[in-house]
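K.L.:
From the sequence below, what's the structure:
(chains A, B, C and D)
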Number of protein chains: 2
Amino acid sequence: MKFSPKDLRQVTVFQNATDDDLDQIVRNSITRSIEEGEFFFFQGDPANYLYVLVSGQVKLLQTNPGGQQVNLRTIYPWQMFGALGAVREQADYPASAQALENSTALAIQSTLLHEMMETRPYLSFDLMLLMTSYIQEMQARYRELATERVEQRIARVLLRLTAQSGQKTDEGIDLAFSRQDLAEMSGTTLYTVSRVLADWERRDLVRAGREQVHITNPHGLVRVAEGLEK
Amino acid sequence: MKFSPKDLRQVTVFQNATDDDLDQIVRNSITRSIEEGEFFFFQGDPANYLYVLVSGQVKLLQTNPGGQQVNLRTIYPWQMFGALGAVREQADYPASAQALENSTALAIQSTLLHEMMETRPYLSFDLMLLMTSYIQEMQARYRELATERVEQRIARVLLRLTAQSGQKTDEGIDLAFSRQDLAEMSGTTLYTVSRVLADWERRDLVRAGREQVHITNPHGLVRVAEGLEK
DNA sequence: CGGACGGTTGACACTAGTCAAATTGAGTGG
DNA sequence: CCACTCAATTTGACTAGTGTCAACCGTCCG
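P.N.:
Numbering: from 1, shown residues only, chains lettered A, B, ... in the order given. I've put the predicted structure just below:
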């Protein structure tokens, strides 16, 4: 997977970087490719690198002591992940990063970015922008989990995924996720997801397939997410 | 409520500020005092000020369309809140800030801090530190809500509160929160909190009073939080 | 052709929410 | 100091919503 330093400008945090900065970052970084199912890092590892996904798809997940998984977010190309270590020295990753498909990422030394931020206010600034949006999303999801029913939460997950990665076709939107994935993203079980999707299929909101959900009536799904329906 | 600019150094974000910086901040800020139950700001208001709590206690909460409340965090003196607007221009507060008791806070113009950050890397940096810790806490709480039982979550809330504000006495730890408060903090209902506390009282883990919980066996509570007990 | 994997479905258990009613306790005004 | 009031809390009865478990199905792929 080939890319030029300037491609990094697609990364939110590097949008205002100079060409020199980008060159320096790439020169001091390494490219890591891993296979589907493998991990860039595990929860608890020392956060010596932060990553920019170049290709593929990665999920960030936390595991509780009992081994249950919670999906915090899915990363798409040119998004940064594992960046908390760039701020806090000697930090550990608070989550694990697993490839959902064969993936390539640029691994940047945390200390490098840390040093660069000291003399480049725009860098700190854009990283803070990213962090604020992340805080807000987590707050919203926390509230949803605390106050909304499973059905609404699954609907929200599908809508969020649609915005982030949905493939629009003539007849709706395609999403490629297993029931298990959706369950982890909405804080429920794969059984419940299966039942909810079956119900929605009866109501002509979606068509469900193997590791696949096809949204036929996005507007109806919004109504479910809002809790208006049913 | 009188304070000197140097008191601000207790604020995490200002720990490395110069005396001049602190003076400048205080000169350009106003002190606001509000009564118990009133709000410093509401979710959705334009985030023109960020606050440093000088005295009292404030809770940050989100309200969903149906009016249900979720408690995101409690603020104690010399903690900053409402800071997201300092990063993102023209942002709205993502949560409301309500005083749990008569409270005084320093209201700092978002634009002022924003400008100061451009020339003072330490400021951006310390603000990022705050934001990372907040992200990690939200992630942990999200995971707890998704995977743990009510009893465990209430135990965790009590332990968290103990660390943040518990008054240690000879025979345990005192916390002053109503059942409703605890319910909002753990994502459940006041009825369930009441039942759980009654059960714990039978098991000699706590003694419960009106707007009051006295932890007699912190170690046992930890076991409950870990899911080992019961 | 035979697994393995993802998904579906039924039966059942059980957690935690809802609602109503009773009880307690703190503070207030006489 | 004693009613009185009101909010906080408790408790019981009931149940909706989800999780759990097990059996089974279909399909993809070696």
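K.L.:
dump the residue contacts of residue A:179.
P.N.:
Contacts for residue A:179 were tallied using CB atoms under 8 Å, 6 or more residues apart in numbering or on different chains; they are A:190, A:193, A:194, A:197. C-betas here are computed from N, CA, C, even on glycine.
K.L.:
typo on my end, it should be residue A:193
P.N.:
A:154, A:179, A:182, A:183, A:186 are the contacts of residue A:193 under CB under 8 Å, 6+ apart.
K.L.:
and the strand or helix carrying it, which residues are buried?
P.N.:
Assignment of secondary structure by DSSP states H and E places residue A:193 within helix A:190-202. Going by neighbour count (16 or more other CB atoms under 10 Å in any protein chain shown), the buried part of helix A:190-202 is A:192, A:193, A:196, A:197, A:200.
K.L.:
What's the first helix or strand after that helix?
P.N.:
strand A:206-209.
K.L.:
which strands and helices sit next to that following strand?
P.N.:
Judged by 3 or more CB pairs under 8 Å, 6 or more residues apart in numbering or on different chains; DSSP states H and E, strand A:206-209 is in contact with helix A:190-202, strand A:212-215.
K.L.:
in its sheet, what does it sit against?
P.N.:
Applying DSSP bridges, strand A:206-209 is found paired with strand A:212-215 (antiparallel).
K.L.:
hang on, the earlier thing: how about the buried residues of helix A:190-202, which pair is most distant?
P.N.:
Greatest spacing in the buried residues of helix A:190-202, by CB to CB: A:192 and A:200 (12.5 Å).
K.L.:
which ones are touching residue A:189?
P.N.:
So, once contact is read as CB under 8 Å, 6+ apart, residue A:189 ends up touching residue A:183.
K.L.:
And the one 3 residues further on, by the same measure?
P.N.:
The neighbours of residue A:192, taking CB under 8 Å, 6+ apart as the test, are A:150, A:183.
K.L.:
Please apply the same query to residue A:208.
P.N.:
Neighbouring residues of residue A:208 by CB under 8 Å, 6+ apart: A:197, A:198, A:200, A:201, A:214.
K.L.:
Wait, the third one touches residue A:213, no?
P.N.:
In other words, residue A:200. No - counting by CB atoms under 8 Å, residue A:200 stays clear of residue A:213, with 9.1 Å between them.
K.L.:
what does chain A put close to DNA strand C?
P.N.:
Residues of chain A lying close to DNA strand C (CB under 7 Å from any atom of the strand) are A:178-180, A:190-191, A:194-195, A:197-198, A:208, A:210-212.
K.L.:
contacts with DNA strand D among those residues, please.
P.N.:
Among the residues of chain A next to DNA strand C, the residues lying close to DNA strand D (CB under 7 Å from any atom of the strand) are A:191, A:210.
K.L.:
from the residues of chain A next to DNA strand C, which single one is nearest DNA strand D?
P.N.:
residue A:191 (3.7 Å; CB to the nearest atom of the strand).
K.L.:
next helix or strand past the longest helix anywhere in chain A?
P.N.:
If you go by DSSP state H, chain A has its longest helix at helix A:121-147. Remark: after helix A:121-147, the chain's next helix or strand is helix A:150-165, criterion DSSP H and E.
K.L.:
Is DNA strand D within reach of that following helix?
P.N.:
Yes - against DNA strand D, helix A:150-165 shows contacts by CB under 7 Å from any atom of the strand at A:150, A:151.
K.L.:
quick one: contacts of the helix-or-strand element of chain A with minimal mean pLDDT?
P.N.:
Lowest on mean pLDDT, DSSP states H and E among the helices and strands of chain A sits strand A:167-169, with a mean of 71. Residues from elsewhere that reach strand A:167-169 (CB under 8 Å, 6+ apart): A:173, A:174, A:175.
K.L.:
can I get these in a markdown table with pLDDT, neighbour count and secondary structure?
P.N.:
As requested, the contacts of strand A:167-169 are exported to a markdown table (pLDDT from 0 to 100; neighbours: other CB atoms under 10 Å in any protein chain shown; DSSP: H, G, I helix; E, B strand; the rest coil):
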| residue | pLDDT | neighbour count | secondary structure |
| --- | --- | --- | --- |
| A:173 | 85 | 21 | strand |
| A:174 | 88 | 17 | strand |
| A:175 | 90 | 21 | strand |
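K.L.:
now, which of the residues you listed sits nearest chain B?
P.N.:
Of all these, chain B sits closest to residue A:175, with 20.6 Å by CB to the nearest CB.
K.L.:
I am assuming the closest one contacts residue A:211, so please confirm or correct that.
P.N.:
No - judged on CB under 8 Å, residue A:175 makes no contact with residue A:211 at a distance of 9.6 Å.
K.L.:
How many residues are close by residue A:96?
P.N.:
Close neighbours of residue A:96, defined as other CB atoms under 10 Å in any protein chain shown, add up to 20.
K.L.:
Check residue A:140 too.
P.N.:
Around residue A:140 there are 15 residues (other CB under 10 Å).
K.L.:
What are the neighbouring residues in contact with it?
P.N.:
Contacts for residue A:140 were tallied using CB under 8 Å, 6+ apart; they are B:62, B:94.
K.L.:
Same check on residue A:175?
P.N.:
Contact partners of residue A:175, counting by CB under 8 Å, 6+ apart, are A:158, A:161, A:162, A:165, A:166, A:167, A:212, A:213, A:214, A:215.
K.L.:
and the residue nearest to residue A:214 when sequence neighbours are not counted, how far is that from residue B:198?
P.N.:
Distance criterion CB to CB, 6 or more residues apart in numbering or on different chains; nearest residue to residue A:214, sequence neighbours excluded, is residue A:207 at 4.3 Å. Relative to residue B:198, residue A:207 is positioned 49 Å away (criterion: CB to CB, to the nearest Å).
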